[in-house]
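Asker: take a look and give me a structure for this.
(chains A, B, C, D and E)
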Amino acid sequence: MSLKKSKRPSNKAGLEAGTLFYVGDKQFNDVKITIFNYNQHHIAEFTAQNIDQCTFDHTEPMIKWINVDGVHKTEIISALGSQYALHPLLQEDIINTEQRPKFDDFDTHLYVVLKMLNYNQQTQTVEYEQVSLILGNNFVISFQEDKAGDIWEEIRNRLRNPNSKSRKSGADYLLYSLLDAIVDHYFIIIEKIGDQIEEIEEKIMYHANNELLKQIYKLRRELIFLRKSIWPLREVLSRLDKSESTLISPPIAIFFRDTYDHTIQIIDTIEVYREILSGVLEVYLSNISLKMNGVMKVLTVISTIFMPLTFIAGVYGMNFDMMPELHWKYGYIFVWAIMCAVVAAMIYYFRKKGWF
Amino acid sequence: MSLKKSKRPSNKAGLEAGTLFYVGDKQFNDVKITIFNYNQHHIAEFTAQNIDQCTFDHTEPMIKWINVDGVHKTEIISALGSQYALHPLLQEDIINTEQRPKFDDFDTHLYVVLKMLNYNQQTQTVEYEQVSLILGNNFVISFQEDKAGDIWEEIRNRLRNPNSKSRKSGADYLLYSLLDAIVDHYFIIIEKIGDQIEEIEEKIMYHANNELLKQIYKLRRELIFLRKSIWPLREVLSRLDKSESTLISPPIAIFFRDTYDHTIQIIDTIEVYREILSGVLEVYLSNISLKMNGVMKVLTVISTIFMPLTFIAGVYGMNFDMMPELHWKYGYIFVWAIMCAVVAAMIYYFRKKGWF
Amino acid sequence: MSLKKSKRPSNKAGLEAGTLFYVGDKQFNDVKITIFNYNQHHIAEFTAQNIDQCTFDHTEPMIKWINVDGVHKTEIISALGSQYALHPLLQEDIINTEQRPKFDDFDTHLYVVLKMLNYNQQTQTVEYEQVSLILGNNFVISFQEDKAGDIWEEIRNRLRNPNSKSRKSGADYLLYSLLDAIVDHYFIIIEKIGDQIEEIEEKIMYHANNELLKQIYKLRRELIFLRKSIWPLREVLSRLDKSESTLISPPIAIFFRDTYDHTIQIIDTIEVYREILSGVLEVYLSNISLKMNGVMKVLTVISTIFMPLTFIAGVYGMNFDMMPELHWKYGYIFVWAIMCAVVAAMIYYFRKKGWF
Amino acid sequence: MSLKKSKRPSNKAGLEAGTLFYVGDKQFNDVKITIFNYNQHHIAEFTAQNIDQCTFDHTEPMIKWINVDGVHKTEIISALGSQYALHPLLQEDIINTEQRPKFDDFDTHLYVVLKMLNYNQQTQTVEYEQVSLILGNNFVISFQEDKAGDIWEEIRNRLRNPNSKSRKSGADYLLYSLLDAIVDHYFIIIEKIGDQIEEIEEKIMYHANNELLKQIYKLRRELIFLRKSIWPLREVLSRLDKSESTLISPPIAIFFRDTYDHTIQIIDTIEVYREILSGVLEVYLSNISLKMNGVMKVLTVISTIFMPLTFIAGVYGMNFDMMPELHWKYGYIFVWAIMCAVVAAMIYYFRKKGWF
Amino acid sequence: MSLKKSKRPSNKAGLEAGTLFYVGDKQFNDVKITIFNYNQHHIAEFTAQNIDQCTFDHTEPMIKWINVDGVHKTEIISALGSQYALHPLLQEDIINTEQRPKFDDFDTHLYVVLKMLNYNQQTQTVEYEQVSLILGNNFVISFQEDKAGDIWEEIRNRLRNPNSKSRKSGADYLLYSLLDAIVDHYFIIIEKIGDQIEEIEEKIMYHANNELLKQIYKLRRELIFLRKSIWPLREVLSRLDKSESTLISPPIAIFFRDTYDHTIQIIDTIEVYREILSGVLEVYLSNISLKMNGVMKVLTVISTIFMPLTFIAGVYGMNFDMMPELHWKYGYIFVWAIMCAVVAAMIYYFRKKGWF
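Answerer: Reported below is the predicted structural model:
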């Protein structure tokens, strides 16, 4: 995640509350609205051509799921907002794609906003997409940023199957399914990061290069942003589970508790990964120190052996008139003997110090 | 922020509580008082020439916003204080510009004090200005230190527009607008810092100089002070949202919750930036170690190759009478051969150790 | 514990809640179901051949303990689930072997899931096995992953003894016994890790090699995973102790409090070990630095002594026509005297600096 | 603060609770007791000659403030203790000058103990003096250790002024004034430390010597003890503010909240200083590493350039009979050319590596 | 404290709850039981010869204190347990000498277990002994491990004095006295550790050797174990203070609060010591780095000065036929001049860099 992305809301500083102002960065795609109208016996599935098709018919005993792909057309959001009597601040939150995950209870409808994560294989980074979910009486409206692929196809298939639990349950179960799919998808991201950490762990004991350092830094950064995105979800789901809203029936609340447990598990795993990465970095630094130590020993051994030798050779390269050793018969051999003795002494000394 | 600034309150140690004593550092500007008197139908906007123009007319069904630029004239504050029956401690807090953000409920009026931040492009630092806001029955009084520019012009424009929500709402909404403008402005500061961090992140992998270290240190220090200034705001807004004061109507309380959410988001971002900077510093230090390692390897390789060679050359520069090698026909070539062999052996050894 | 293991749940992302999908990795063993049917006077113990033998006879005043070894046959779990009216999410949790320890109260039955730990002597690692325990009215069902050996043989022996407290007590005491055996077993793991830390502590003051670093890293990692597995148990046992469920009689609740105390003790010990390991790593790094310091001193002393000497010898090896010293009678001895003086001065300097 | 001081209470280990045993270290000064007897109309101020002058006259409608300088005369404390019916443990706490700041409500009187701080200009250290304050019905008793000067002269002056708020208010306001003076005085200490930190910050970027390290260490230690002394005050003042004791009237409770806010601000500043000092230490260490890097580069550049040159010169200093190069006409110039080429190559190499 | 000690409980893994199994390590001493039977008027003090002498006579209006030295004879504990109707789990906890400090309320009796600390002068280590205290209606039973000396002699002396508060008070005051004596004794341990830290602080600025590192590590480890042993006492004493048990009368509860305050003070001091030790370690590491820097500078200065000189000398030691400089009249002096210039330039360079 680029730091750049997280500062967009500044553009709107100073606007009146409730003024719709899109802060995301994909404006070129058209908005696509898909609608599911279903109960246990009937199902209708279509793409809305205009905003009027989204109206909710209170007389019809059916559950309506409106999925909006793209939040950059503010007129669509305000149109839906007036049809479904959504609070102006809620509409503003849908458009501001830098929201912190949160839960708001507006009596007639509940609002959940969270991040959908996607692992981009090409750039090897995690992509963040904001998802807003509104649960009302017999309807669910979901807003996606339309960046990456959709992860709800599985839920659509279940809805198409007349015998599935999804089809037989209410709008609260649909909200749970959508949330659960997003949270379950987090595990895949976590798995990718776990793979990369393991890879680094294997390498770290033997290598300590700049490339590895870059990877550690990148992963650590990724985990910081992951935690920032997922941590507040804990409270969101806990409040959903304990919500006294009549929109969520008690048997369904147990399911939200289950999703809550998964979120805790993911946060635990992120913490574990962070601690492992810290450990890895310490090993990395220790390795550099150890290697430096090795390099220095080689240098010291070499210097300590050859400096005295060179000095001795230098002495007998002097041109004094009166250097009696130079004229001894075994002078040369004697010098070699001294030099060998020096080398032997040095090696003995280093062995005693445990440098070999 | 200079550390010097944060210790001024010491000057007043020993004074009686409620004694007004200005601790800020800009005394040269005159105080400017601007007044907005409005309801849905009428609006009057003027600069007060004397303190009597600030009186509140309870018979008039209008909302009064008094904005005081400059808190160094204690007589003005005490005059306003007696007109509006403000608690003596509150008056003292307005003047002491080193307040921690806080919220006080004095039954007849609410008091909020917080920091307005401004990014000074020239010095590349964040400037802190204290803002005090008092919400009473149909009036809002705001005090600024009058250091940097004003960020409420947008709000004034909205008030001038008879159809704006601001114009139609009460004094509580005006308080919210003023607070929200300040908090929204924080995002701009955060954005500037985010830009600088990104810049550092890009450089850090390749360079590790003193200049970069200074920048990291400066940013870290900035974040420490930012957190100190914004963190207590969390509690302030949370208490405003949950306040049982009749001065804030329930539909407006939701807006304060929204500002609370923004504050949490800013605090989250500050934490994320702090963690990223920690990571950056570790990368920096690792880089220094790695580079040192590289330098040492070069030194060791050079020494290890040339020391034995120099020694050999030194040996045959000795002047002993009896050095048979000197007189061999291929002695010289033979020595070169030995030297080449030494170099080859060394290179082989270093390659095996992976130093090239 | 391999990081790979902790990411399996991702495979089931997208499935409907309540869909049984086994995520463990041992599918080759057959499931073994052992049943204990007992009260104070009678006991029957047998291995179930088919699922019908697991039925619970409400007319019989006996306590039934069904132990299922292996959770990979989802049909068995769903069969037991419908016989004992277990909640679908509970069934799902039994199969997903990457659960975080947790406690769920489903009114008619309580569900506890936790980790059983086993120290593998060969690989010198800790193995994690998930255990699910269900307490109903007069029955306990336990599910093991069937990886390592069983630690409940002692409990079975006590049940076989007609005078034991276990035999005289209810199903809640059986649940306690099973839990307590697992928690008591944690102490053995902690003991093994304590032994290894002590071993490292003894070595660390004298050695600082890569092998030791690897061991420290491995232990640290082990402690991270241990803490992750045991920490949530605190809350599980605390909630069991304070549970208002009628399935646990108050005199037995005291026993759960005792197991809770043991868990706290284990967590305390893990924290202490983590802190000791941190200290050990710091000692390790300090040792490397100290040794480097020693190496560098040797190098510097040698260089500082021999470089001036070699230079002096070099000077008198020059071939200038006019070098009067060369022709002095005591020139050679004089040079030796100078060289000795240089050595003495250097040694004096180093002694003063405290390098010897 | 010397560590020695904080362990004195050990001397009294084993004594019966309520046994008075002085643990401070100044026993040579005499005890001085000053008494203020005042109400809005009258005031009497005198130094008590004997303990009987301290008696409280319940019939007289006046407020009595007894200030005791020196707590080493246990008989005085026990005499006052029986006159005012102070709890034996309270009397013990007054004498033990190593108390943690705390608040105790003994129904008929409230007890507050805290630290008065004084900055000793000569030793450049912070001095700690324990102050005990007892608030009863219309009386306040204060005990000081009589180490440093008194900071309450200002309060005495206000009492002498018949129109001051102090004179018109009750004993609870007097307690507040005494506390507030102590807390306000903390700001001066904080300011001194802030000055020293700024001084270090300015130096640290350019120097990294042992003296600076000592200063950083000393400041850090000072902050640790400051935090230890001030942190518990938070709870003390919070409990005073929320106390349901009838000895504190509600309008005065607001003043305690104000002092509480100041304490929080001081604690915040201490935390900020600690973080800045941590940052400073990291910069210090980074600077050492950077400088080491610079030193190593110089060494390596010099070695890498001159070692090959010396080797070449050494080769042509050999005395072989058959060295054709020696007899070439341009041999000498050729060798110089080679040496210049070597130097050029080395410089090119280092430039490419960015070492210049 | 050896890590080995803290893992004993593993031996009992698998035993039935309430099975007595001694896990301490001193089995050779005999158990000694001393009994005090007292009220305000009478006192009897004797050593029990058999277990029957420990029976409690409910008709007699006296307080009984049974002190058991040695917990390795399980039959004694179970005999006392049945006489005084102690809960089986409590009996088990007495024997398991690796308990975490805790408080249990069994209605008819209260149970407190904590650590008594003793500083062994010879081994310079802290010794841990477990003490169990049971408060019933008019009786106190205390169990010690009988390792080190007893610290309750002072309390016995007070009991023997008919006018002491101890003699006049109930069993709850006796429990307080025993606890308070243990906690007061902690101050002595803290004082010893404080002395050692101060000693290290004085040395650290000038020395940085392996011995000092060992001492720092040892102290740090000691503090980790101290904190582990004392930290849970906070909760124990807080629960005793707030206990609603009728066994503790309200005037005595205040005394427990006092002991609670002492415990907090000790924990605070331990935290302060830990922080100081961290600081000390950082100074130690900084010192190593600084010294290394100094060593490297010496090496670099020497190399940088002598390498060029040696090279120059080497050049004029070459044996080329045509080296005109060799035959110049002032060649030799000229070379010396060049060499002096090189030295001067180097010294100037190093001075500019601030290396001298």
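
Asker: can you show me the CA trace of stretch A:135-145 as PDB?
Answerer: This file holds the C-alpha atoms of stretch A:135-145, laid out as PDB (Å, rounded to 0.1, in the frame of the first residue of the first chain):
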ATOM      1  CA  LEU A 135     -28.300  -4.000   6.200                       C
ATOM      2  CA  GLY A 136     -31.900  -2.800   6.300                       C
ATOM      3  CA  ASN A 137     -35.200  -4.500   6.800                       C
ATOM      4  CA  ASN A 138     -35.100  -7.200   4.100                       C
ATOM      5  CA  PHE A 139     -32.500  -5.500   2.000                       C
ATOM      6  CA  VAL A 140     -28.700  -5.400   1.800                       C
ATOM      7  CA  ILE A 141     -26.800  -2.900  -0.300                       C
ATOM      8  CA  SER A 142     -23.100  -3.500  -0.900                       C
ATOM      9  CA  PHE A 143     -20.700  -1.000  -2.500                       C
ATOM     10  CA  GLN A 144     -17.300  -2.100  -3.900                       C
ATOM     11  CA  GLU A 145     -14.500   0.100  -5.400                       C
END
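
Asker: per-domain residue ranges of chain A.
Answerer: Following automatic domain parsing, chain A resolves into domains at A:3-286, A:296-353.

Asker: what's the local residue count around the nearest residue to A:A44 once chain neighbours are set aside?
Answerer: Spatial nearest neighbour of A:A44, chain neighbours left out: A:N37 (4.2 Å); criterion: Cβ to Cβ, 6 or more residues apart in numbering or on different chains. From N, CA and C alone the C-beta is placed, and that goes for glycine too. By the criterion of other Cβ atoms under 10 Å in any protein chain shown, A:N37 has 18 neighbours.

Asker: residues contacting the closest residue to chain E within chain A?
Answerer: In chain A, the residue that lies nearest chain E is A:G317 (6.7 Å; Cβ to the nearest Cβ). Neighbour list for A:G317: B:G314, B:G317, B:M318, B:N319, C:A313, C:G314, C:G317, D:G317, E:G317 [criterion: Cβ atoms under 8 Å, 6 or more residues apart in numbering or on different chains].

Asker: likewise A:Y273?
Answerer: Each residue near A:Y273 by Cβ under 8 Å, 6+ apart is listed here: A:I190, A:I193, A:G194, A:I197, A:L219, A:L223, C:L3.

Asker: ok, back up a step: do you know which of the domains of chain A lies nearest E:I182?
Answerer: Among these, domain A:3-286 comes nearest to E:I182, with 36.6 Å by Cβ to Cβ.

Asker: now that closest one: how far from the chain's centre is it?
Answerer: 14 Å (Cα atoms, centre = their mean, to the nearest Å).

Asker: what's around A:H42, how many residues?
Answerer: Using other Cβ under 10 Å, A:H42 is surrounded by 11 other residues.

Asker: element containing the single nearest residue of the stretch 201-350 of chain A relative to chain C, please.
Answerer: Residue of the stretch 201-350 of chain A nearest chain C, by Cβ to the nearest Cβ: A:G314 (3.3 Å). Assessed by DSSP states H and E, A:G314 sits inside helix A:250-315.

Asker: between helix D:250-315 and that helix, find me the angle.
Answerer: Interaxial angle, helix A:250-315 versus helix D:250-315 (axes from the mean of the first three to the mean of the last three Cα atoms, to 10 degrees): 30 degrees.
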